[in-house]
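Trainee: how does the following fold in three dimensions:
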Amino acid sequence: MKWTTRAQLHLDRTASAWLIRRFVDADAQFRFAGWDEAVDPADPRSFGMAGAQLGSHDEDGTCFAKVLQRHDLAGDEALVRLEACVNAGVRHALSLPRVPTEEAVHRIGLSLDSVGIGFSVLHPDDLNHLEAATPLYDALYTYFQLPDLAALELPATQPERVSYLRSLVG
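Mentor: Below is the predicted model of the structure:
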C-alpha cells in the first residue's frame, strides 16, 4: 500500500515510516510529497503533514504517537519508550521545553535529532534516508525490549553477554 508524507525526512516522519513498515503494513511503499502539495484529509495513509489524519507533531503528540494509537500499538512498552525518545528529539529540534522524562530517554531523543540531521545530509533521497535509518530504529526497538540492564547480572565477556541478551528478546 502507498503511504504519503512530506519530502525531506527528519526524526518523527522517519520513525513513523519505520513504525508503519514494521508494525502496520509490511509492504508499505512511501511517496514523499512536496511541501507545497495539498494534503487529502480523508486519506488514512498520509502522515506527518498538517491536515493529515496522522498529522505532524503538534499539541496532540508526535506523528509516531498517533500511529501507535490509531493502530492499537500502544500496548507494546518498547514502542511506547521509543515514542518518548522521538518526542524528546522533536522537542529538541523545535526548541520546545523539555518534558519530564528519564535522562536516558532525553539523551536518546537528542541523539535521534542529531542522527536525523546527518541522515538528511548523507541521503538527499528520502527513500535512501529511510533505508539507512531502519537499522537504527530496529536496534532501539530491540534495546527497549530488554529488561533494565542495570538490574541484571550480565555475563563477563561480550560473546556470552550478547548470547544472553539475545535469549531475552528471542
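
Trainee: for the rest of this, base every contact and every neighbour count on C-alpha atoms.
Mentor: Noted.

Trainee: and the helices in the chain?
Mentor: 11-19, 63-70, 77-93, 103-122, 126-145, 158-169 (DSSP state H).

Trainee: who wins for proximity to Met1 among those?
Mentor: Checking the helices of the chain against Met1 by Cα to Cα gives helix 11-19 as the closest, at 12.5 Å.

Trainee: returning to that earlier point: deepest in the core, which of the helices of the chain is it.
Mentor: Comparing those by mean neighbour count (mean count of other Cα atoms under 10 Å), helix 11-19 ranks first with a mean of 24.

Trainee: what angle separates that one from helix 103-122?
Mentor: 90 degrees (axes from the mean of the first three to the mean of the last three Cα atoms, to 10 degrees).

Trainee: against which helices or strands is helix 11-19 packed?
Mentor: helix 63-70, helix 77-93, helix 103-122, helix 126-145 (3 or more Cα pairs under 8 Å, 6 or more residues apart in numbering; DSSP states H and E).

Trainee: quick one on the thing from earlier: JSON lines for the helices of the chain, including mean pLDDT?
Mentor: Output for the helices of the chain, formatted as JSON lines (pLDDT from 0 to 100):
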{"stretch": "helix 11-19", "mean pLDDT": "98"}
{"stretch": "helix 63-70", "mean pLDDT": "96"}
{"stretch": "helix 77-93", "mean pLDDT": "96"}
{"stretch": "helix 103-122", "mean pLDDT": "96"}
{"stretch": "helix 126-145", "mean pLDDT": "97"}
{"stretch": "helix 158-169", "mean pLDDT": "92"}
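
Trainee: need these in CSV with distance to His57, can you?
Mentor: Putting the helices of the chain into CSV (distance: least, Cα to Cα, whole Å) gives the following:
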stretch, distance to His57
helix 11-19, 8
helix 63-70, 5
helix 77-93, 8
helix 103-122, 14
helix 126-145, 18
helix 158-169, 30
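
Trainee: nearest to Asp43, of those helices?
Mentor: Using Cα to Cα, these put helix 63-70 closest to Asp43, at 13.6 Å.

Trainee: which residues sit against that closest one?
Mentor: Residues from elsewhere that reach helix 63-70, judged by Cα atoms under 8 Å, 6 or more residues apart in numbering: 12-13, 15-16, 19-20, 47-48, 54-57, 73-74, 79, 83, 86.
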